[in-house]
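1. Starting from these lines, generate the structure:
(chains A and B)
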Number of protein chains: 2
Amino acid sequence: MNILVIGTGAIGSFYGALLAKAGHSVAVAARSDYETVKANGIHVRSETLGDYSFRPAAVVRSGAELEARPDCVLVCIKVVEGADRVGLLRGAVGPGTSIVLISNGIGIEPEIAAAFPDNELISGLAFIGVTRTAPGEIWHQAYGRLMLGNYPGGASERVKALAASFEQAGVNGIATENITTARWQKCVWNAAFNPLSVLSGGLDTLEILSTQEALVRAIMQEIRTVAAATGHPLPEDIVEKNIASTYKMPPYKTSMLVDFEASQPMETEAILGNAVRAGQRAGVAIPHLESVYALMKLRELQASKSR
Amino acid sequence: MNILVIGTGAIGSFYGALLAKAGHSVAVAARSDYETVKANGIHVRSETLGDYSFRPAAVVRSGAELEARPDCVLVCIKVVEGADRVGLLRGAVGPGTSIVLISNGIGIEPEIAAAFPDNELISGLAFIGVTRTAPGEIWHQAYGRLMLGNYPGGASERVKALAASFEQAGVNGIATENITTARWQKCVWNAAFNPLSVLSGGLDTLEILSTQEALVRAIMQEIRTVAAATGHPLPEDIVEKNIASTYKMPPYKTSMLVDFEASQPMETEAILGNAVRAGQRAGVAIPHLESVYALMKLRELQASKSR
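-> All right, here's what the predicted structure looks like:
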């Protein structure tokens, strides 16, 4: 397939490199890394897959520069304030192009579905430890699983073909019929640890969990309640399993904390705000989520003042 | 009366000076300010009462140094981790000494009542804008009202005499039969704005209120619920009145935020922790209070690491 990857951060570079390795023709759209990636391509140093370098079929500033519309566009940018995903897709997308959104959070698809109602929309969730260490330089530390499914549900042939390509390239590629449920499932962990790491001023997962487990559990439980109320019941033991696995993980600094410390915009709305609004629309009680979300908005307001 | 004031911070210095002005013999126990206060006394610059200087009848490091046990000991130190109020009172208190606790918070009396069961215990709440600008130098910006009452209830002759002395010296001195109810009343504002100012990273009262009024209201309402459940029903319109008056106040930096920014211990337990535990004992739902309290404990943990 002809594939365009929008975004040359850690996620876009890594999964773009895998698709190239699987034999696809992969172009990339870059912003700040444009010159470096155009000159040198992308280099992935992987702890589990060996090192891999690739030269994109094209490096563009905007998808509109490509001669032909791609079969798939992977949107690999964080859903944060100021990220204009529709603008970045406009011009890149043709009638037969599938749009693949790979990012964290809940409810990140409706805006794209509304802007491109005639295109296939695929939603993806990455479970991976990967960092962009310099323009065009990616360090893949651990994991790599990618879940893909059509939004709001289903798994098309193209979804299955993409999952198979990732599998072929060395990571776990999963085609799921219920990507929205999978998003809620991942949100259970994210909605607890990401904001708490920022609001605490910089604690890691183990420091948070070992001192305020009750708050972590309450947030996780409320995500489960909202998910169920919106038609996505999660397993009864999901909170217990998340707690147990986090105790076993090495102490971990969340991605939201990394963004916060780098004075970058945070995925507050994608991870927390959309979940809160879903809960409010469903009329379920989510006082812990609402408290933490309100505090994150205060923290963002303060951060915006000191910028 | 012979009076000992423990603590030469803003509160102790200001109210000690007023009692001297009203004709009492006032000694002070100082720690870090001992040398300066011993040499120069205490100077109050007041925006509303004129300037006033006084030389304490004695300046001591510990109340035990005094020749005679005082009629009253005013304890004017914040109730924070590491503040050993019982230790400071030990040696200062004689059989007829009344203990007067002037500080913020809920449930700050039982520890002292248990340690000195045979002494009269008076509990006091200050409504004042006053700052210690240097050792022995106090700047009184606004207000000054002091509410006094016996713990857990009642208003003895000594309470009334103290209130009258403060009134005579120029501030509003109020003897109340229900100081515990008054504490809950003040806690409505404190439990909301103090932690939110810290957790936001430094916002003032107006920034907090104008963007996250719902969270402020939820916290205030839960304090009202706990107060009622512990036998101290507060007026129905107390939340509304606190919101309205805060909108009218000039934007204000809370005392907890001042302590936090100065890397000083915060009144988290006195203002929030004791309220949360009272609510938990009473079995009422206080999810917003519990969330904010847990987050303050995380913030304190992080602060203790960077000290």
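2. for chain B, what are the nearby residues on the stretch 201-307 of chain A?
-> Within reach of chain B by CB under 8 Å from any CB of the partner chain, the stretch 201-307 of chain A has these residues: A:201-203, A:207-208, A:211-212, A:214-215, A:218, A:287-288, A:290-292, A:294-295, A:297-299, A:301-303. Placement of C-beta: from N, CA and C, glycine included.
3. Mind giving me the PyMOL command for buried ones among those?
-> Here is the PyMOL command that picks out the buried ones among those, judged by 16 or more other CB atoms under 10 Å in any protein chain shown:
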select buried, chain A and resi 201+202+203+207+208+211+212+215+218+287+288+290+291+292+294+295+297+298+299+301+302+303
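4. Identify those among the residues of the stretch 201-307 of chain A next to chain B that sit within helices.
-> Mapping these onto helices (DSSP state H) picks out A:207-208, A:211, A:214-215, A:218, A:287-288, A:290-292, A:294-295, A:297-299, A:301-303.
5. For the stretch 51-200 of chain A, which segments count as strands?
-> Under the criterion DSSP state E, counting those that start in this stretch, the stretch 51-200 of chain A contains strands at A:52-54, A:59-60, A:72-75, A:98-102, A:121-134, A:137-150, A:173-175.
6. between the ones you listed, which one is nearest to B:Val75?
-> Across these, B:Val75 has its closest neighbour in strand A:121-134 (52.8 Å, CB to CB).
7. which helices and strands does the closest one pack with?
-> Applying 3 or more CB pairs under 8 Å, 6 or more residues apart in numbering or on different chains; DSSP states H and E, we find strand A:121-134 packed against helix A:10-21, strand A:98-102, strand A:137-150, helix A:157-169, helix A:179-199.
8. Break chain A into its domains for me.
-> A:2-177, A:181-306 (automatic domain parsing).
9. can you list these in JSON lines and add mean pLDDT?
-> Listed next are the domains of chain A as JSON lines, based on pLDDT from 0 to 100:
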{"stretch": "domain A:2-177", "mean pLDDT": "96"}
{"stretch": "domain A:181-306", "mean pLDDT": "97"}
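10. looking at those domains, which is closest to B:Ala182?
-> Within the domains of chain A, the stretch nearest B:Ala182 is domain A:181-306; the backing value is 26.9 Å (CB to CB).
11. helix/strand/coil for the closest residue to A:Tyr52 other than its chain neighbours?
-> Closest residue to A:Tyr52 apart from its sequence neighbours, by CB to CB, 6 or more residues apart in numbering or on different chains: A:Val44 at 4.7 Å. Judged by DSSP: H, G, I helix; E, B strand; the rest coil, the three-state class of A:Val44 is strand.
12. what sits against A:Val44?
-> Contact analysis of A:Val44 by CB atoms under 8 Å, 6 or more residues apart in numbering or on different chains lists A:13-14, A:17, A:51-53, A:138, A:140.
13. Show me the beta-bridge partners of it.
-> Under DSSP bridges, the beta-bridge partners of A:Val44 are A:Tyr52, A:Ile138.
14. Distance check, it against chain B.
-> According to CB to the nearest CB, to the nearest Å, A:Val44 and chain B sit 34 Å apart.
15. Disregarding residues adjacent in the polypeptide, which is nearest to the residue most central in space within chain A?
-> The residue lying closest to the centre of chain A (CA atoms, centre = their mean) is A:Ser103, at 1.9 Å. Leaving aside its sequence neighbours, A:Ser103 sits nearest to A:Val79 (CB to CB, 6+ apart; 5.2 Å).
16. Count the residues that sit near the one you found.
-> 22 (other CB atoms under 10 Å in any protein chain shown).
17. wait, it sits on A:Ala270?
-> Yes. Between A:Val79 and A:Ala270 there is a contact at 4.1 Å, judged by CB atoms under 8 Å.
18. Mutual contacts of those two, please.
-> A:103-105, A:108.
19. PyMOL command for the buried members of those residues?
-> Burial among the shared contacts of A:Val79 and A:Ala270 is assessed by 16+ other CB under 10 Å; the matching PyMOL selection reads:
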select buried, chain A and resi 103+104+105+108
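20. Tell me the one among the shared contacts of A:Val79 and A:Ala270 nearest to B:Tyr34.
-> A:Asn104 (55.9 Å).
21. can you tell me how far that closest one sits from chain B?
-> A:Asn104 sits 22 Å away from chain B, going by CB to the nearest CB.
22. Quick check: phi and psi on that residue?
-> The phi/psi pair for A:Asn104 (degrees, to the nearest 10) reads phi -70, psi 160.
23. What about the residue lying closest to A:Glu137 once chain neighbours are set aside, how many residues nearby?
-> Among residues not flanking A:Glu137 along the chain, A:His43 sits closest, at 5.5 Å (CB to CB, 6+ apart). By the criterion of other CB under 10 Å, A:His43 has 18 neighbours.
24. now A:Ile77
-> Residues near A:Ile77, counting by other CB under 10 Å, number 20.
25. before we move on, the earlier item: closest one to A:Ser62 among the helices and strands packed on strand A:121-134?
-> Closest approach to A:Ser62 among the helices and strands packed on strand A:121-134 (CB to CB): helix A:10-21, 14.8 Å.
26. how far does the closest one sit from the chain's center?
-> Centroid separation between helix A:10-21 and its chain, computed with CA atoms, centre = their mean, to the nearest Å, is 14 Å.
27. same deal with stretch A:276-284?
-> Counting by CA atoms, centre = their mean, stretch A:276-284 is centred 22 Å from the centre of its parent chain.
28. Same question for stretch A:212-225.
-> Remark: stretch A:212-225 is offset 22 Å from the chain centroid, using CA atoms, centre = their mean.
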